[in-house]
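Novice: Provide a 3D model corresponding to the input given below.
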Amino acid sequence: MKRWTFLLPMLALCGTLQAQTQPASNLSLAMITTASQQTTAGETSSAGATVIAQADSREESGEVPEVLPTEPLDEEQLPEDAALPPVEESLEARARALEYGIPMPWGEERFERYRSYYLSAQGRKVLASVLQKAAPFMDYIINKTQELGVPVEMAYLPVIESSYSPFAVSKSGATGIWQFMKNSIRGYGMTIDEWVDERRDFMKSTDGALAKLLDNYRAFGDWNLALAAYNAGSGAVARALKAAGGTADYWQLVQKGLLSRQATDYVPKFLAVASILRYPDLYGFEPLIPEPMRWEVITLDRQVDIKLLAAKAEIPLEVIKLGNAELHYTVTPPSPSHSLKVPADKLEAVKAVLSNPDAPLVRYEIHKVREGETLTAISRKYGISIAMITKANPGLNPDRLKIGQTLMIPMSLQPLHGSTAAVTQASVQSELHTVQKGDTLYGLARKYGTTPQKIADLNGISMNSTLRIGQKLKVPSAQ
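Specialist: Presented below is the predicted three-dimensional model:
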């Protein structure tokens, strides 16, 4: 009943005004409001009298009350500011209203804590840096999620795995953008041998990681459990489910303490990142995302030194190294069917270089066999395997070297990662190496990711200097 009592003074007022022959147009909206505020359910008549008294006093004082319209206003008569400004929706509310391929656990403590961090000034710097590193790979990764029917949010899993570095190696030995262990690549299209580690191949590792996540989803029927299994292993998740009595809810496993601490943090941390990067424009990240890089794959019919190819095709060396990070060396394997990835906009330039059969694409050094030399000693001198020397010299009998015989030593076999760091006597950070039996400048160069000439220059010796056991040599420190 109280909801309607505010009408009583107005009804009483109307009757009184008619009796007093007071024009309704002479009353202001403020008067009616004042009357209604002063009136309660038992004070109808006194409130009406109060209003009339106020109106009379205003007339006597010369005040002109607001005139109430007798007819509804036309639309064009409305004042410009008549419409109330729209109430701006909060960032959180807008985020929650969007669609996600994986349900976001809004309000969950760990999830919200990680979101708060990544939306802080420091967290934004981290994400902005990671987005720059992701640029060479993101186009391929997102297209692959769509091809396989995996939630697009999975494209952001490398943010917490490796920051999109194909050269990332964890303390436990997990390697590459998607951090595969050696024992977890079986069945996912990757190989490791003396020439390549395809856990660092951004295409093959992406294919394998998304296939593995899809397999986990099919096994557990839930993307959160699929993510937990990617981190902790399918066996650990299966055991947790069994201990929980068969429940298939990740958050229940967390509440019951059935998952490791790492797996407990892994999923909400990833979801926090994905909830932001899924809609980067909402959080102001859109201008920070570089143009996506697209790649083409070329099947080679011969070995190629990617440093020479990059120079001839005018491709930045670091770009071609990132695209082919699976290589152990700056030269491709001797297999005639190795696939090389090149930037799409340089495809024709690369084809032109490869189409010239006379263009030298592998660097060699000529070695003349001396008296008493063995192939083992020669391989140690240059820091390469006997197999590599024999492959470069078809028909070579390792057990029957002849004095004066000429051997082709492939010098393109420099470590891919870290082999291009500039080293000068003035600026290099070095450490000391004690020469051991069998050490050579070439072998040390391979060990420390540099070149024989740089070690020689650093120590003021020539390339032909004899190394003595126990000798102290400066070698470049890892940067």
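
Novice: in which helix or strand would I find Met190?
Specialist: For Met190, there is no enclosing helix or strand under DSSP states H and E.

Novice: What is the burial count for the closest residue to it other than its chain neighbours?
Specialist: In this structure, Met190 finds its nearest non-sequential neighbour in Glu198, 4.0 Å apart by CB to CB, 6 or more residues apart in numbering. Bear in mind the C-beta positions are built from the backbone N, C-alpha and C, glycine included. Residues within reach of Glu198, counting by other CB atoms under 10 Å, total 22.

Novice: Likewise for Ser379?
Specialist: 21.

Novice: and it, what is it in contact with?
Specialist: 385-386, 388-389 (CB atoms under 8 Å, 6 or more residues apart in numbering).

Novice: which residues touch the residue nearest to Met190?
Specialist: 185, 189-192, 204-205, 326.

Novice: picking that back up, may I see the contacts of Ser379 arranged in JSON lines, with secondary structure, pLDDT and distance to Leu444 as well?
Specialist: Listed next are the contacts of Ser379 as JSON lines, based on DSSP: H, G, I helix; E, B strand; the rest coil; pLDDT from 0 to 100; distance: CB to CB, whole Å:
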{"residue": "Ser385", "secondary structure": "coil", "pLDDT": "75", "distance to Leu444": "16"}
{"residue": "Ile386", "secondary structure": "helix", "pLDDT": "80", "distance to Leu444": "19"}
{"residue": "Met388", "secondary structure": "helix", "pLDDT": "76", "distance to Leu444": "18"}
{"residue": "Ile389", "secondary structure": "helix", "pLDDT": "86", "distance to Leu444": "18"}
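
Novice: Among those, find me the one that's closest to Ser335.
Specialist: Using CB to CB, Met388 comes nearest to Ser335 of the contacts of Ser379, at 13.4 Å.

Novice: any idea how far Asp305 is from Asn360?
Specialist: For the record, residue 360 is Pro, not Asn. 9 Å (CB to CB, to the nearest Å).

Novice: Compare the two (neighbour count), which wins?
Specialist: Using other CB under 10 Å as the criterion, Pro360 and Asp305 rank with Asp305 on top: 22 against 10.

Novice: thinking Ala248 is in contact with Asp222, fair?
Specialist: Yes - taking contacts as CB atoms under 8 Å, Ala248 lies within contact range of Asp222: 5.7 Å.

Novice: What is the neighbour count of the closest residue to Ile298 other than its chain neighbours?
Specialist: Closest residue to Ile298 apart from its sequence neighbours, by CB to CB, 6+ apart: Leu340 at 5.1 Å. Counted with other CB under 10 Å, the neighbours of Leu340 add up to 19.

Novice: SS state for Leu340?
Specialist: strand (DSSP: H, G, I helix; E, B strand; the rest coil).

Novice: so what's it up against?
Specialist: 297-300, 304, 306, 324, 332.

Novice: mind redoing it with 10 Å?
Specialist: By CB atoms under 10 Å, 6 or more residues apart in numbering, the contact set of Leu340 is 296-300, 304, 306, 309, 320, 323-324, 327, 332, 350, 354.

Novice: same check, this time on Leu227
Specialist: Neighbours of Leu227 in contact, by CB under 10 Å, 6+ apart: 102, 153-154, 157, 213, 216-217, 220, 237, 250, 263, 266-267, 270-271.

Novice: one more time with 8 Å
Specialist: 157, 213, 216, 266-267, 270.

Novice: again, but for Leu361
Specialist: Leu361 touches 302-305, 308-309, 353-354, counting by CB under 8 Å, 6+ apart.

Novice: Of those, which qualify as buried by neighbour count?
Specialist: 303-305, 308-309, 353-354 (16 or more other CB atoms under 10 Å).

Novice: As CSV, the contacts of Ser379 with neighbour count would be great.
Specialist: What follows is these, written out as CSV (neighbours: other CB atoms under 10 Å):
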residue, neighbour count
Ser385, 12
Ile386, 15
Met388, 19
Ile389, 20
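
Novice: just how off-centre is stretch 260-272 within its chain?
Specialist: 16 Å (CA atoms, centre = their mean, to the nearest Å).

Novice: Tell me the most packed of the contacts of Glu198, by neighbour count.
Specialist: Going by other CB under 10 Å, Ser205 tops the contacts of Glu198 with 29 neighbours.

Novice: so that residue makes contact with Gly176?
Specialist: Yes - counting by CB under 8 Å, Ser205 touches Gly176, with 4.9 Å between them.

Novice: So for these two, which residues contact both of them?
Specialist: 166, 199.

Novice: May I have the beta-bridge partners of Val475?
Specialist: Glu431 (DSSP bridges).

Novice: ok, it touching Leu458?
Specialist: Yes - in this structure Val475 lies within contact range of Leu458 using CB under 8 Å: 7.3 Å.

Novice: shared neighbours of those two, which are they?
Specialist: Ser430.

Novice: Mean pLDDT per helix and strand in this structure: which one sits at the bottom?
Specialist: Every helix and strand of the chain was ranked by mean pLDDT, DSSP states H and E. The lowest is helix 29-38, at a mean of 37.

Novice: From the contact counts, what lies against the longest helix anywhere in the chain?
Specialist: Taking DSSP state H as the criterion, the chain has its longest helix at helix 121-148. Secondary-structure packing of helix 121-148 (3 or more CB pairs under 8 Å, 6 or more residues apart in numbering; DSSP states H and E): helix 109-118, helix 158-161, helix 202-220, helix 261-277, helix 317-323.

Novice: average pLDDT for the first one?
Specialist: When pLDDT is averaged over helix 109-118, the result is 97.

Novice: Same question for the fourth one.
Specialist: Helix 261-277 carries an average pLDDT of 97.

Novice: Same question for the second one.
Specialist: Across helix 158-161, the average pLDDT comes to 97.

Novice: CA atoms of it as PDB?
Specialist: Extracted in PDB, the C-alpha atoms of helix 158-161 (Å, rounded to 0.1, in the frame of the first residue of the first chain):
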ATOM      1  CA  PRO A 158      53.000 -20.900 -26.000                       C
ATOM      2  CA  VAL A 159      52.700 -17.600 -24.100                       C
ATOM      3  CA  ILE A 160      53.100 -19.600 -20.800                       C
ATOM      4  CA  GLU A 161      55.100 -22.400 -22.400                       C
END
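
Novice: His367 versus the closest residue to Arg94 other than its chain neighbours, what's the distance?
Specialist: Using CB to CB, 6+ apart and skipping the chain neighbours, the partner closest in space to Arg94 is Leu282 (6.5 Å). Separation of Leu282 from His367 (CB to CB) stands at 62 Å.

Novice: Counting neighbours, go ahead and name the busier of those two.
Specialist: Counted by other CB under 10 Å, Leu282 and His367 do not tie: His367 has more neighbours, with 17 against 14.

Novice: OK, contacts around the more buried one?
Specialist: 378, 382, 406-409.

Novice: and the residues you listed as CSV, adding secondary structure, neighbour count and pLDDT?
Specialist: Compiled in CSV, the contacts of His367 are given as follows (DSSP: H, G, I helix; E, B strand; the rest coil; neighbours: other CB atoms under 10 Å; pLDDT from 0 to 100):
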residue, secondary structure, neighbour count, pLDDT
Ile378, helix, 21, 89
Tyr382, helix, 23, 81
Thr406, strand, 10, 93
Leu407, strand, 20, 93
Met408, strand, 16, 88
Ile409, strand, 20, 87
